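>>> just a sequence and a predicted model for now, questions to come.
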There are 2 protein chains.
Amino acid sequence: MSHTTRYSIKIKIIALPVLFFLIFCLSPSWTKTQENRPYLDTAERILKKGLNEQEAYSLLKDLTDIGPRLTGSPQAARAVQYTCQKMAELGFENVHLEPITVPHWVRGAAEEGKLVSSRLGSHPLSICAIGRSISTPKKGISARVVEVRSFEELRQLGEQAAGKIVFFNRPMDPSLLSTFGSYGQAADQRVRGAVEAAKAGAVAALVRSLTMRLDDFPHTGLMVYDSEVPEIPAACISTKGADFLSDSLKKDPSLRVHLKLSCQNLPPVNSHNVVGQITGSERPDEIILIGGHLDSWDLGPGAHDDGAGCVQSIEALRLLKELGLQPKRTIRAVMFMNEEFGGSGGRDYARAEERKEERHLAAIEADRGGFLPLGFGVEGNPQTVERLKRWEYVLQSIGICWISQGGGGVDIAPLAEQGTILIGLVPDSQAYFDLHHSALDVLSTVHPRHLELGAVAMAVFAYVLAQEGI
Amino acid sequence: MSHTTRYSIKIKIIALPVLFFLIFCLSPSWTKTQENRPYLDTAERILKKGLNEQEAYSLLKDLTDIGPRLTGSPQAARAVQYTCQKMAELGFENVHLEPITVPHWVRGAAEEGKLVSSRLGSHPLSICAIGRSISTPKKGISARVVEVRSFEELRQLGEQAAGKIVFFNRPMDPSLLSTFGSYGQAADQRVRGAVEAAKAGAVAALVRSLTMRLDDFPHTGLMVYDSEVPEIPAACISTKGADFLSDSLKKDPSLRVHLKLSCQNLPPVNSHNVVGQITGSERPDEIILIGGHLDSWDLGPGAHDDGAGCVQSIEALRLLKELGLQPKRTIRAVMFMNEEFGGSGGRDYARAEERKEERHLAAIEADRGGFLPLGFGVEGNPQTVERLKRWEYVLQSIGICWISQGGGGVDIAPLAEQGTILIGLVPDSQAYFDLHHSALDVLSTVHPRHLELGAVAMAVFAYVLAQEGI
């Protein structure tokens, strides 16, 4: 849209709100209303500074330049150093590392998938080991394939899966509005596929990638083993690869898949959560936490998951600090380590000795991607949500549409025991799983303004809570 | 985010809402509440079908495959044929073309910008003629350059601009939440730059492209001439080019810019608005219009502007029709021609003889890009907005956040005289001007789910209004 006619129409469009605004301002109720709606000016200052400078994106560039930050990797350690140093440079207080222990799994170089059929020939399959998977024997596994859509369907096959590769091929349901809902419904295949396949006597599990895009990129993630059944290797296959394999199985049910994984579960290593804050002027021991997780998967640099949440937390503090907005309570940014590989960062943070002297009133986690922020989900009873909803008007002034019941986040969840209110920043989820846990999760898929608006929203909400309490 | 711990946390997160839902359902007020909140089931059916099939994207692929659809061009004529045929194939009623006359401007092949400086050497500049501009002489214009940020600054220069090229270099303000606001504040340079420059005796106008991205793509759009002053050629320059030129002017104020444009204003040609509908079963002459504009600029295939609005209108009707949702009032999709070059399509539609037998209750235009839909803006007094707000709960169930005061759209604006309520679909605007009116406005920048959600929102809102009236 746009042209001259519209240009005059635009003036008309602009004129109407201006008129209403003037009527509103001139009415006697205005001053009173302004008094009853504090923080609007503060929110606007934070918004304008954020959008003018868009520093969150520069921070994310630095962070993603380090590369994929898998828990236990040298890149994860570099990300710890980078964020710690950056927060110190920005003049935050109490900047320090809190030691934790993390698993150390490595993918290994030799990863290979191949379809082999006497009738259809040999075709490469785009696959990747699932996090925590054991390796195959060095020369790989070659076996026939049985395709299922659910664990129930697998159980009904009885003996038929024995000695074979179980191919879990249930796609994410595209018809749900929230793609997190679709993810939640399909993720059992990746998380427990190897366990269920092993129960059926299978030699490996192959799982359709958890994305609604049709492409050649495999998506990884975490899986579990169960001490009651043998550990078998497990990999994800790209959605195009999954469709191709499924079609090929219809043409040649006796085809074989060759799978080679060289991943290793190594001894745990030391790592860190990274902490920095603006200390409260009146109640320094009462804390509003904002955070994300520093680790990512190893296929890409985790720009959205969760580089975005980390840099938004740093940027939120930076905006407040540079605007001279001194909060009454402490606002603390935490970059948690190891969300992806078991969540030990969040658990260890909540249990740390230092926490005994502190009281976390609320924790806001950003771990759903750096897309346009839409709302805040609050974990807890409807009364809690109602209490926080009184700040909806402030957030709406900076483009956040709602506060409502919802989930906080994995890293802050262990704080619930202390009575902390858990809050999650909820951005547009429509494109998140296109790139989640894959090589596609790179900086160029993040829009600087979307990313910054998330940081602004966290800064504003944290500041209001730091001033007002819960 | 995502891993096993979260997997169990997710179950916890999911469990809470389920619990509340059960408590809610078992309470005696539930049945009553359901009765008071109709259309939720219908909205869900439309949403699920839309997201399952995502046909809007297929339609947009076909439409953008035609190429740029500048008013008066052969591609615009092909787009008329395509959408008309498609609506007939889909079984819509009253599918027809309504003739209009449109301007016919062509860019011409020879477009060239160059910076020439004895000190700095010669550098190409990425430029494009502004729509309606006259051409330069065949060999181009070569002149010194004066840079300004506003018409006021230009006026203060007095005689200094005479014989020169006026370079309007005021960037869009990044600090506004709505990028349409930033656009509105900067667009005067493109629209009236040539007039103001000519008043100052300049030989041409060069305008910084209306985008906040720093890149090499020039953005075009419409401009005006004024019969009181000479017509001079006008071009837009890419933002990187504008920064380069500005820097170079500081180093060498006597540098020259060479500008060659070969555009032509040809005689008007015949074209068409395209109409199709589902005729109302009870009040067929009462109409809820949904629409977008079929023409685009000529630098790209106008995927967002406004291919999106056109295919969303067709898709909205398709969803209703295939779900057997027969509206009481007529729901009509209109693809307006020539929004970009003067808005004659919208004016001629409102004035057409056929309109005398009809009453347009409401018109919903989608012309702000195919991004995530956030709300509906309603043009009119607060009472009108309040009346429509009672349907907010239906729209919120499909992800639309709000109904509020706002603008309708250029094409539907002329219907206001008949008392039609004008409504605009408002998507996320953060990335819109990155690509608006440039070669970047292509299919790959549209997310199929965002596009479809806009179509779903239009289908749901139009259906509710068709059943309930205003």
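Now that the structure is in, tell me what you want to look at.

>>> what bridges to the residue of the stretch 101-250 of chain A found nearest chain B?
Closest contact between the stretch 101-250 of chain A and chain B, by Cβ to the nearest Cβ, is at residue A:222 (3.7 Å). All C-beta atoms are positioned from the backbone trio N, CA, C, and that covers glycine. Beta-bridge pairing of residue A:222 under DSSP bridges involves residue A:131.

>>> burial of it, as a residue count?
When neighbours are defined as other Cβ atoms under 10 Å in any protein chain shown, residue A:222 has 26 of them.

>>> got the residues of the stretch 301-450 of chain A near chain B?
Residues of the stretch 301-450 of chain A found near chain B (Cβ under 8 Å from any Cβ of the partner chain) are A:305-306, A:339-343, A:367-368, A:372, A:374, A:379, A:382, A:398-399, A:401-402, A:405-407, A:409-410, A:413, A:428, A:430-431, A:436-437, A:447, A:449-450.

>>> can you flag which of those residues belong to helices?
Applying DSSP state H to these, the entries found in helices are A:382, A:449, A:450.

>>> mind checking if stretch A:182-197 is in reach of chain B?
Yes - Stretch A:182-197 is in contact with chain B by Cβ under 8 Å from any Cβ, via A:183, A:184, A:187, A:191.

>>> hang on, the earlier thing: any of the ones in helices among the residues of the stretch 301-450 of chain A next to chain B buried? List them.
A:449, A:450 (16 or more other Cβ atoms under 10 Å in any protein chain shown).

>>> rebuild the ones in helices among the residues of the stretch 301-450 of chain A next to chain B as a markdown table, extending it with pLDDT.
Listed next are those as a markdown table, based on pLDDT from 0 to 100:
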| residue | pLDDT |
| --- | --- |
| A:382 | 95 |
| A:449 | 98 |
| A:450 | 98 |
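
>>> ranking the residues of stretch A:182-197 next to chain B by neighbours, who comes first?
Top of these by neighbour count (other Cβ under 10 Å): residue A:183, with 24 neighbours.

>>> that one is in contact with residue A:433, isn't it?
Yes - Residue A:183 is in contact with residue A:433 according to Cβ atoms under 8 Å; the separation is 5.8 Å.

>>> can you tell me the closest non-neighbouring residue to residue A:341?
Computed as Cβ to Cβ, 6 or more residues apart in numbering or on different chains, the closest residue to residue A:341 that is not its neighbour in sequence is residue A:71, at 4.2 Å.

>>> check the gap between the spatially most central residue of chain A and residue A:439 for me.
Residue closest to the mean C-alpha point of chain A, counted by Cα atoms, centre = their mean, is residue A:367 at 3.4 Å. Relative to residue A:439, residue A:367 is positioned 20 Å away (Cβ to Cβ, to the nearest Å).

>>> ok, residue A:241 next?
14 Å.

>>> try residue A:465
37 Å.

>>> neighbour-wise, which of these two wins?
Taking neighbours as other Cβ under 10 Å, residue A:465 and residue A:439 compare with residue A:465 leading, 23 against 17.

>>> between residue A:183 and residue A:433, what contacts are shared?
Shared contacts of residue A:183 and residue A:433 (Cβ atoms under 8 Å, 6 or more residues apart in numbering or on different chains): A:172, A:210.

>>> residue A:211 touches residue A:241, doesn't it?
No - Residue A:211 is not in contact with residue A:241 according to Cβ under 8 Å; the separation is 11.9 Å.

>>> among these two, which residue is more densely surrounded?
residue A:211 (27 against 24).

>>> number of residues surrounding residue A:217?
Using other Cβ under 10 Å: residue A:217 sits among 23 other residues.

>>> list the contacts of it.
A:126, A:209, A:211, A:238, A:438, A:439, A:440.

>>> who are the contact partners of the residue nearest to residue A:119 when sequence neighbours are not counted?
Closest residue in space to residue A:119, ignoring its immediate chain neighbours: residue A:252 at 4.7 Å, by Cβ to Cβ, 6+ apart. By Cβ under 8 Å, 6+ apart, the residues touching residue A:252 are A:117, A:118, A:119, A:120.

>>> one more time with 10 Å
With contacts defined as Cβ atoms under 10 Å, 6 or more residues apart in numbering or on different chains, residue A:252 is in contact with A:115, A:116, A:117, A:118, A:119, A:120.

>>> likewise residue A:113?
So residue A:113 contacts A:123-128, A:140, A:206, A:218, A:235-238, A:241, A:245, A:257-261 (Cβ under 10 Å, 6+ apart).

>>> ok but residue A:76 is inside a helix, no?
Yes - membership of residue A:76 in a helix is supported by DSSP: H, G, I helix; E, B strand; the rest coil.

>>> hang on, it packs against residue A:102?
Yes - shown here, residue A:76 and residue A:102 form a contact pair, counting by Cβ atoms under 10 Å, at 8.0 Å.

>>> intersection of neighbour lists for these two?
A:70, A:269, A:271, A:272, A:295, A:337, A:338.

>>> for the first one, helix, strand, or coil?
Local secondary structure at residue A:70 is given as coil here, using three-state DSSP.

>>> leaving out the residues flanking it, which one is nearest to it?
residue A:298 (4.0 Å).

>>> so what's the one you found up against?
A:67-71, A:73, A:75-76, A:105-107, A:128-129, A:131, A:220, A:340, A:437, A:439.

>>> per-residue pLDDT, it?
Model confidence at residue A:298, given as pLDDT, is 98.

>>> equivalent analysis for residue A:153, please.
98.

>>> so it, which of the three states?
Following three-state DSSP, residue A:153 is assigned to helix.

>>> and it, how far from residue A:189?
11 Å.

>>> residues that sit against both of the two, list them.
With Cβ under 10 Å, 6+ apart as the test, residue A:153 and residue A:189 both reach A:168, A:170.

>>> look at those two and report which has more neighbours.
residue A:189 (28 against 13).

>>> which helices and strands does the helix or strand harbouring the more buried one pack with?
Residue A:189 is part of helix A:188-199 when elements are defined by DSSP states H and E. Contacts defined by 3 or more Cβ pairs under 10 Å, 6 or more residues apart in numbering or on different chains; DSSP states H and E place helix A:188-199 against strand A:141-148, helix A:151-156, strand A:165-168, strand A:204-208, strand A:234-237, helix B:4-26.

>>> just the buried residues of the second one, please?
When neighbours are counted by 16+ other Cβ under 10 Å, the buried residues of helix A:151-156 are found to be A:151, A:154.

>>> please report the distance of the nearest residue to residue A:295 once chain neighbours are set aside from residue A:328.
Nearest non-adjacent residue to residue A:295, counting by Cβ to Cβ, 6+ apart: residue A:71, 4.5 Å away. As judged by Cβ to Cβ, residue A:71 and residue A:328 stand 36 Å apart.

>>> mind checking which of the two has more residues around it?
residue A:71 (29 against 16).

>>> list the contacts of the more buried one.
Counted by Cβ under 10 Å, 6+ apart, residue A:71 has contacts A:100, A:102-105, A:131, A:268-269, A:271, A:293-298, A:337-342, A:344-345, B:3.

>>> residue A:411 now?
Residue A:411 sits in contact with A:273, A:289, A:291-294, A:306, A:309, A:334-339, A:343, A:345-347, A:349-350, A:363, A:365, A:367, B:1, B:5-6, where contact means Cβ under 10 Å, 6+ apart.

>>> again, only this time at 7 Å
When contacts are counted by Cβ atoms under 7 Å, 6 or more residues apart in numbering or on different chains, residue A:411 touches A:291, A:293, A:336, A:339, A:343, A:345, A:346, A:365.

>>> of all pairs in these, which one is the farthest apart?
A:291 and A:343 (12.9 Å; Cβ to Cβ).
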